[in-house]
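Peer 1: how does the following fold in three dimensions:
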Amino acid sequence: MSGPRSVLITGSTHGIGLAIALELARSSDRLVLNYRENAKRADQAIARVRALNEHATVVCADVTQEEAVDALFEKVLLDGPLDLLVNTVGAFVFKPFLDTTGSDWRAILESSLLSAAYCTRRALLAMREQGRGQIITIGSMHAGQLRARPNTLPYAIAKAGLIHLTHTLAKTEAPYGIRVNAVCPGFIEGGEYTDPNDVRRVPLGRLGRAEDVAKAVAFLASDDASYITGVALDVHGGALL
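Peer 2: Purely as a prediction, here's the structure:
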């Protein structure tokens, strides 16, 4: 859409989520950040974003819980329509399948899949009434491919689910003027589970930066991408080629 817009970014007080918030701050009239814990980090993040957008706010809500998502959206929608939802929440666990507990499965699926499903549902209910809107979800570079991923099975299943969610909703929501896309990062510098040696697997010769992912999100959210929906845009420097 042209002009200022209203944006909600989940999990946006650190890492890729914060990079997206900083990237979108200049082009958004109203920007809402979200976090679940670590209020000190949230205060530091919102200070950085407000240096670019004085209308930015931050809301504490556990988006893995449906009731908390309902409360979050009640707050967000009080101030007007929502133009863009960016789902960035996603926990990770690296364990062999036989060592992965039921608690691990629940934590990963709730964080990496259900949080996006809950938030997207609430956003779509509002966007359908408006006749416009966008959903962008952060996946991962292997999410759209059926490849064996030992030691990361819950995460891989959750991220694959996000791609199916993206494709399905892109089709069902297009008649309502709503675009639904995903961005799939590769090895991101500073990531908790990124090994510096992973650079050897990247044809472009460097690890990705959170800002690389943020710029891809900004493109998909822009008018330049107005004819793009249902894509899973890889941002991995060629790592899966």
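
Peer 1: need the strands for this structure, in chain order.
Peer 2: 6-9, 30-35, 57-60, 84-87, 133-138, 178-185, 232-235 (DSSP state E).

Peer 1: can you redo the ones you listed as TSV with distance to residue 103, mean pLDDT and mean neighbour count?
Peer 2: In short, each C-beta sits where N, CA and C put it, glycine included. Putting the strands of the chain into TSV (distance: least, C-beta to C-beta, whole Å; pLDDT from 0 to 100; neighbours: other C-beta atoms under 10 Å) gives the following:
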stretch	distance to residue 103	mean pLDDT	mean neighbour count
strand 6-9	27	97	25
strand 30-35	22	96	24
strand 57-60	23	97	16
strand 84-87	23	98	26
strand 133-138	23	98	27
strand 178-185	26	97	25
strand 232-235	29	96	20
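
Peer 1: present the ones you listed as CSV; the columns should include distance to residue 220.
Peer 2: Shown next, in CSV, are the strands of the chain (distance: least, C-beta to C-beta, whole Å):
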stretch, distance to residue 220
strand 6-9, 13
strand 30-35, 17
strand 57-60, 23
strand 84-87, 10
strand 133-138, 6
strand 178-185, 5
strand 232-235, 7
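
Peer 1: for residue 138, list each beta-bridge partner.
Peer 2: Beta-bridge partners recorded for residue 138 (DSSP bridges): residue 183.

Peer 1: what distance do you get for it to residue 82?
Peer 2: In this view, residue 138 and residue 82 are 18 Å apart by C-beta to C-beta, to the nearest Å.

Peer 1: these two touch, right, residue 145 and residue 240?
Peer 2: Yes - assessed by C-beta atoms under 8 Å, residue 145 is found in contact with residue 240 at 7.1 Å.

Peer 1: relative to residue 192, which of the strands of the chain is closest?
Peer 2: Taking C-beta to C-beta, strand 178-185 is the member of those nearest to residue 192, at 13.0 Å.

Peer 1: could you tell me how far the closest one lies from the centre of the chain?
Peer 2: How far strand 178-185 lies from its chain's middle: 9 Å, per C-alpha atoms, centre = their mean, to the nearest Å.

Peer 1: how about the strands of the chain, which one is nearest residue 162?
Peer 2: Proximity to residue 162 (C-beta to C-beta) singles out strand 133-138 among the strands of the chain, at 5.3 Å.

Peer 1: with only the CA atoms kept, save that closest one in PDB.
Peer 2: This file holds the C-alpha atoms of strand 133-138, laid out as PDB (Å, rounded to 0.1, in the frame of the first residue of the first chain):
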ATOM      1  CA  GLY A 133      -3.500  -6.400   4.300                       C
ATOM      2  CA  GLN A 134      -0.300  -8.400   4.300                       C
ATOM      3  CA  ILE A 135       1.100 -11.300   6.300                       C
ATOM      4  CA  ILE A 136       4.800 -12.100   6.100                       C
ATOM      5  CA  THR A 137       6.200 -15.100   8.100                       C
ATOM      6  CA  ILE A 138       9.800 -16.000   8.800                       C
END
